[in-house]
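Asks: prediction below, plus the sequence it came from.
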Amino acid sequence: MREYWSIWKEAVTRALVEAYPETRGELIRETLVIETPPEIEKGDIAFPMFPFARVLKKSPAQIAAAVAGKMEDACPSTDDGAPAGRAVAIGPYVNVFLDRVAVADTVVNRVLAQEALYGNSGDLADRRVVVEFSCPNTNKPLHLGHLRNDALGESVVRMLRAAGAVVRPVNLINDRGIHICKSMLAYREFSEGSTPEKEGKKPDHFVGDYYVRYAQWEKENPEVEERARRLLQLWEQGDPEVHELWLTMNRWAIEGIEETYRRTGISFEKVYYESETYKQGREEILKGVEAGVFYRDEKGTVWVDLTDIDLDKKVLLRADGTSLYLTQDVGTAIMRHQDWPFDQLIYVVASEQRYHFQVLFEVLRRLGFSWAENLHHLAYGMVNLPQGKMKSREGTVVDADDLIDTLAELALQEIRRKGRDETGDESPRRAEQIALGALHYYLLQTGPVKDMIFNPEESLSFTGNTGPYLQYVGARVSSMLRKQAAPERVSAPGELVAEEWLLIHRVASYPRVVSEAASALNPSILAGHLYETAKAFSRFYHDHPIAVADDPKVRDFRLGLSRAVMHVMQHGLELLNIPFLEAM
RNA sequence: GCGCCCAUAGCUCAGCUGGAUAGAGCAUCGGCCUUCUAAGCCGAGGGUCGGAGGUUCGAGUCCUCUUGGGCGCGCCA
């Protein structure tokens, strides 16, 4: 659809210059904006003339009338598939009424020809992008916060790929530190050598239980914290027994977490482990000291002074030479660029860490890495529950697996209640897919920057602006097309009903929306458009016969349009990591 | 105390680089299944866009101030 808009923009520009030679072409190109009229009765494309009023010393309405007049004999033709139409002055606007039949024909046939590729673009062709997300700890299972992170990260990866980028999703597993030692200590103390297998427990939950156990233990015996610290020291010294236990418990945790990734459709091309990277960065910082971008104080501590850009002073290396979180991140960023030279690196991390990333990026810049300009922190807000904040200490954290189990169970009940379980065995599987659809859509419908309230009951609602609604619309199209296949090529009938045109308009703008969402790193833009499309289809489907239309020409075109809608839904849901269902 | 982010209908959220009468969903009320899946469709009510100034032909959108909320400001990660 963008093509049509640009074509018309050119036409309006030409008309403006013709009517008012004193306006220069380039000037117009910058000030002429393309809009959509508020009501479909006012046309399909709008060009406001306000900006030219002052320079031309004429009212916007006068200008609009003059421009529309010039365009009467100079409209774009349909020669190369571009739609004709007419330009009309409506008050201060020059509005374009497209030749709907021509557009309908072009758009539907384009989708039918491109099939699953419709929506892809070359906007970011050959751009190499690393996306880091998830980044779990190995002392406990994933929780609701990770689910938002994962949903965002995975969707951004998929959208960037659709825009033509070469994307490398990476994970950084935090498998070392005091928190793991706490789980280990409690395990040693209370487990009597039990294993996840013996207890038939998901292994990350098994490990997490000991972390919870530790927390209770420490509450009554504060002195155990000292023991945990000692365990960390032993680990750092490479104590074989400690190392072995550490390996075992990490394996359990990671095994369980990976199971959740598989369940939720998350995957990575490369997994980094902090135990392997935490010493990185030291050398680079020392180089920075030599180069004079960092400095040492009397005690030997290395600092970076960022007061000139209002970021204060930060420690980069302790006096004993050991690293910090920030130092590690400097190291891993450099390592990643060596592993796989990227054009852009996106960190999907909660917005609490904004400051951290500002400092990190600046440090890398001062170390002279040109690619530091292309580092990006995709910050997202917190997820809270209707009853308040999640506190790990108070046990109000929502476990990821439990949540999905609950959603799936409720979906299953709904399937049975509605008598949609004729297929029998399929039902639990379908319930799981609906649960994932509900969850991912709920998490992605809100823009990343905002804090959000996760309302489990609302997410489970199967009506309205939800994942299951989109899945349902997809299932209905699929079901219809199973009964009556769409032709491979269509030709639009002489007349289109309003609901049909609205739907075509959505389908036509889909690729542009994907590009927009990808470049904004914001899946909610896509989610909103898919919902609009689904709604437009529902209405069309409700109001007009498609497969059962009397006129074969109308029927074929509508089937083709429906198939186009199906392709859009499949493509879009895939980008949001929401399962497309053939039947529901 | 300093810094960053957020504030739109009762609730949860949209609102594209400033543009025509601020939109959805939920909830409430009322319609629509002998026809392609009613997990659907249609309609109604509901708003001083937190507040005050300013810039502009035009501000929910930009600037300043202010109120309320969130998050940061460790030689923690």
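Replies: Everything's here; your move.
Asks: show me the contacts for whichever residue of the stretch 351-500 of chain A sits closest to RNA strand B.
Replies: Nearest to RNA strand B, among the residues of the stretch 351-500 of chain A, is residue A:464, at 2.2 Å (Cβ to the nearest atom of the strand). C-beta here means a position set from N, CA and C on the backbone, and glycine is covered the same way. Applying Cβ atoms under 8 Å, 6 or more residues apart in numbering to residue A:464 gives no contacts.
Asks: then residue A:582?
Replies: Residue A:582 neighbours (Cβ under 8 Å, 6+ apart): A:475, A:478, A:479, A:482.
Asks: before we move on, back to that, tell me the SS of the residue of the stretch 351-500 of chain A closest to RNA strand B?
Replies: coil (DSSP: H, G, I helix; E, B strand; the rest coil).
Asks: on that earlier part again, which of the contacts of residue A:582 fall within helices?
Replies: A:475, A:478, A:479, A:482 (DSSP state H).
Asks: which of those residues count as buried?
Replies: A:475, A:478 (16 or more other Cβ atoms under 10 Å).
Asks: and the stretch 451-584 of chain A, which residues reach RNA strand B?
Replies: A:451-453, A:455, A:458, A:461-466, A:468-469, A:472, A:475-476, A:478-480, A:483, A:516, A:524-525, A:528, A:531, A:535, A:538-539, A:541-548, A:582-584 (Cβ under 7 Å from any atom of the strand).
Asks: which of these fall within strands?
Replies: Using DSSP state E, A:452, A:453 are the members of these that sit in strands.
Asks: excluding its backbone neighbours, what's nearest residue A:159?
Replies: residue A:518 (4.1 Å; Cβ to Cβ, 6 or more residues apart in numbering).
Asks: what about the stretch 351-500 of chain A, any weak spots by pLDDT?
Replies: A:391-396, A:423-424 (pLDDT under 70).
Asks: the same query, at a cut-off of 80, please.
Replies: A:386-396, A:421-425, A:456-457, A:459-462 (pLDDT under 80).
Asks: quick one, helices of it?
Replies: A:354-366, A:400-417, A:426-444, A:456-459, A:467-483, A:498-520 (DSSP state H, counting those that start in this stretch).
Asks: which residues touch the spatially closest residue to residue A:445 that is not a sequence neighbour?
Replies: The spatially closest residue to residue A:445, leaving aside those adjacent along the chain, is residue A:527, at 4.8 Å (Cβ to Cβ, 6+ apart). By Cβ under 8 Å, 6+ apart, the contact list for residue A:527 reads A:441, A:444, A:445, A:576.
Asks: can you do 10 Å?
Replies: A:155, A:440-447, A:465, A:467, A:470, A:517, A:572-573, A:575-576, A:578 (Cβ atoms under 10 Å, 6 or more residues apart in numbering).
Asks: ok, now residue A:350?
Replies: Residue A:350 neighbours (Cβ under 10 Å, 6+ apart): A:145, A:148, A:149, A:377, A:379, A:380, A:381, A:382, A:383.
Asks: who's in contact with the closest residue to the fifth one other than its chain neighbours?
Replies: Yep, that's residue A:379 we're talking about. Once flanking residues are discounted, residue A:379 sits nearest to residue A:351: 3.7 Å by Cβ to Cβ, 6+ apart. Going by Cβ under 10 Å, 6+ apart, residue A:351 touches A:357, A:377, A:378, A:379, A:380, A:381, A:382, A:448, A:449, A:450, A:451.
Asks: quick check: beta-bridge partners of the third one?
Replies: The one in question is residue A:378. residue A:348 (DSSP bridges).
Asks: what's the pLDDT at residue A:25?
Replies: Looking at residue A:25, its pLDDT is 64.
Asks: strands of chain A, residue ranges please.
Replies: Going by DSSP E, chain A shows strands at A:45-48, A:85-90, A:93-98, A:128-132, A:166-173, A:270-273, A:295-296, A:302-305, A:313-317, A:344-350, A:375-380, A:383-384, A:452-453.
Asks: each with direction, which strands does the last one pair with?
Replies: So that's strand A:452-453. strand A:383-384 (parallel).
Asks: then the third one?
Replies: Strands flanking strand A:93-98 in the sheet, each with its direction: strand A:45-48 (antiparallel), strand A:85-90 (antiparallel) (DSSP bridges).
Asks: cool, and the fifth one?
Replies: The pairing partners recorded for strand A:166-173 under DSSP bridges are strand A:128-132 (parallel), strand A:270-273 (parallel).
Asks: tell me which of those sits most buried.
Replies: The highest average neighbour count among the strands paired with strand A:166-173, using mean count of other Cβ atoms under 10 Å, belongs to strand A:128-132 at a mean of 22.
Asks: so that one versus strand A:375-380, what angle?
Replies: 40 degrees (axes from the mean of the first three to the mean of the last three Cα atoms, to 10 degrees).
Asks: what's the first-to-last distance across stretch A:88-100?
Replies: 16 Å (Cα to Cα, to the nearest Å).
Asks: okay, domains of chain A per the record?
Replies: A:2-98, A:430-575 (automatic domain parsing).
Asks: tell me how many other residues crowd the nearest residue to residue A:155 once chain neighbours are set aside.
Replies: The shortest distance from residue A:155 to any non-neighbouring residue, by Cβ to Cβ, 6+ apart, is to residue A:523 (4.2 Å). Neighbours of residue A:523 under the rule other Cβ atoms under 10 Å: 29.
Asks: ditto for the one 5 residues further on
Replies: Using other Cβ under 10 Å, residue A:528 has 17 neighbouring residues.
Asks: wait, it sits on residue A:465?
Replies: Yes. Shown here, residue A:528 and residue A:465 form a contact pair, counting by Cβ atoms under 10 Å, at 8.7 Å.
Asks: how about low-confidence regions in chain A?
Replies: A:1-6, A:22-31, A:39-41, A:72-84, A:386-396, A:421-425, A:456-457, A:459-462.
Asks: most tightly packed of the helices of the stretch 351-500 of chain A?
Replies: The most buried one of the helices of the stretch 351-500 of chain A (mean count of other Cβ under 10 Å) is helix A:426-444, showing a mean of 23.
Asks: give me the angle between that helix and strand A:375-380.
Replies: 110 degrees.
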